[in-house]
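Undergrad: Return a 3D structure for these sequence lines:
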Amino acid sequence: MTRPDRTFMPLSSPVVESRPGLPAAVVAAGRADSRARPGLAICFFGITRSLRYTLPSITANVLEPLRRLGDVRVYAHFYEQAEIDNPRSGEKGALDPTEYRLLRADRLMLERPDTLQPGWFETIAAHGDFWQDGNRSLRNLLHQLHSLDMVTGMALEDGMKICVFCRPDLRYHDSLAPAVRRAIAAPDALVQLPSWQSWFAMNDRFAVAKGARAIAAYGQRGRLAVELCQTRNEALHAESLVKYAMIRAGIRVRQIPARASRVRFDGTEVEEDFRHPRAIRFQERFGIDVDPVLRWLRR
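TA: Presented below is the predicted three-dimensional model:
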């Protein structure tokens, strides 16, 4: 039975499936040609916030390049949120609650905020407030992790083997096609993450995952949040959770140079430092910028 705080939306265009996740046309092509195009899931999560500003870059660097590589299905889990009030980011104002329609997702779930698993927030908050802002950022992180878990579940339910996890409030500066090509060719589980702003752990901004085990490890890492806090007796930190989940699942991780900038609800783009952490330390010590070399090596 559908929960009253959760809405499942019908497909934007009907898709007849012969087996979970694969339209009949794809199955037929697979029988006729062993080199059939792979199924690619693009998973969006969280709140749309600034989608009207970021959509051109999502189209140019995510949707269109991936459609040339495989059969794309767009999944989305978003919160029904009409306003934002985030002192940490300086955002306060009205949101368009129908902005999600711009993505024309194949599968979409809408959910009201503050429907987290009972006791989850309280248990994690008891281990400290990393951002020291009255747990506002922690609550936002847990909502993001829950949204990520839900959209991952939809993709896994459909049997998708390659997932690109994308925040809708990012302006993507580089095509994700190289990372997806690498994922298609990978023989086993692989997660590819941005090489910048890892904060001594692993960047949580976006990812390309290959294999059900890798997809679940990255997309459902929120299930390990309590374990991480209890094991280390420390406050939850977003990037540390990514690293913890990858190590615990034994997933191979590769860093990629693809860049994406956060865009606020009013269209303001956040200035980002895309240098690799090693390049930052090297430049501070020797005064030489080796980041272009590191980016070339990680293409």
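Undergrad: Report the central residue of this structure.
TA: In the chain, the centroid-proximal residue (Cα atoms, centre = their mean) is residue 165; its distance is 3.3 Å.
Undergrad: host element of it?
TA: Counting by DSSP states H and E, the element that carries residue 165 is strand 162-166.
Undergrad: name the helices or strands packed onto the next helix or strand along the chain from that strand?
TA: Later in the chain than strand 162-166, the nearest helix or strand by DSSP H and E is strand 170-172. If you count contacts as 3 or more Cβ pairs under 8 Å, 6 or more residues apart in numbering; DSSP states H and E, strand 170-172 packs onto helix 51-58, strand 260-262. C-beta: built from backbone N, CA, C; applies to glycine.
Undergrad: pull the CA atoms of whichever helix or strand residue 93 is part of into CSV?
TA: Per DSSP H and E: residue 93 is located in strand 91-94. In CSV, the C-alpha atoms belonging to strand 91-94 read as follows (Å, rounded to 0.1, in the frame of the first residue of the first chain):
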residue,chain,number,x,y,z
GLU,A,91,19.6,30.4,0.6
LYS,A,92,16.1,31.6,1.7
GLY,A,93,13.2,31.8,-0.6
ALA,A,94,10.5,30.0,-2.7
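Undergrad: Starting from it, tell me which strands it pairs with and how they run.
TA: Within its sheet, strand 91-94 is paired with strand 83-86 (antiparallel), according to DSSP bridges.
Undergrad: need the contact list for the closest residue to residue 207 other than its chain neighbours.
TA: Excluding its sequence neighbours, the residue lying closest to residue 207 (Cβ to Cβ, 6 or more residues apart in numbering) is residue 165, at 4.6 Å. In this structure, residue 165 makes contact with 43, 45, 148, 152, 206, 207, 208, 209, 218, 219, judged by Cβ atoms under 8 Å, 6 or more residues apart in numbering.
Undergrad: let's go with 7 Å and repeat that
TA: Shown in contact with residue 165 (Cβ atoms under 7 Å, 6 or more residues apart in numbering): 43, 206, 207, 209, 218, 219.
Undergrad: And those, which two are furthest apart?
TA: 206 and 219 (11.7 Å; Cβ to Cβ).
Undergrad: Neighbour count: the two, which is higher?
TA: residue 219 (27 against 21; other Cβ atoms under 10 Å).
Undergrad: Touching, the more buried one and residue 148? I think so.
TA: Yes - look at residue 219 against residue 148 with Cβ atoms under 7 Å: they come within range, at 5.5 Å.
Undergrad: Beta-bridge partners for the spatially closest residue to residue 264 that is not a sequence neighbour, please?
TA: Using Cβ to Cβ, 6+ apart and skipping residues adjacent in sequence, the residue nearest residue 264 is residue 91, 5.4 Å away. Taking DSSP bridges as the rule, residue 91 bridges to residue 86.
Undergrad: Quick check: the gap between residue 91 and residue 201.
TA: 25 Å (Cβ to Cβ, to the nearest Å).
Undergrad: for residue 46, same thing?
TA: On the measure of Cβ to Cβ, residue 46 and residue 201 end up 20 Å apart.
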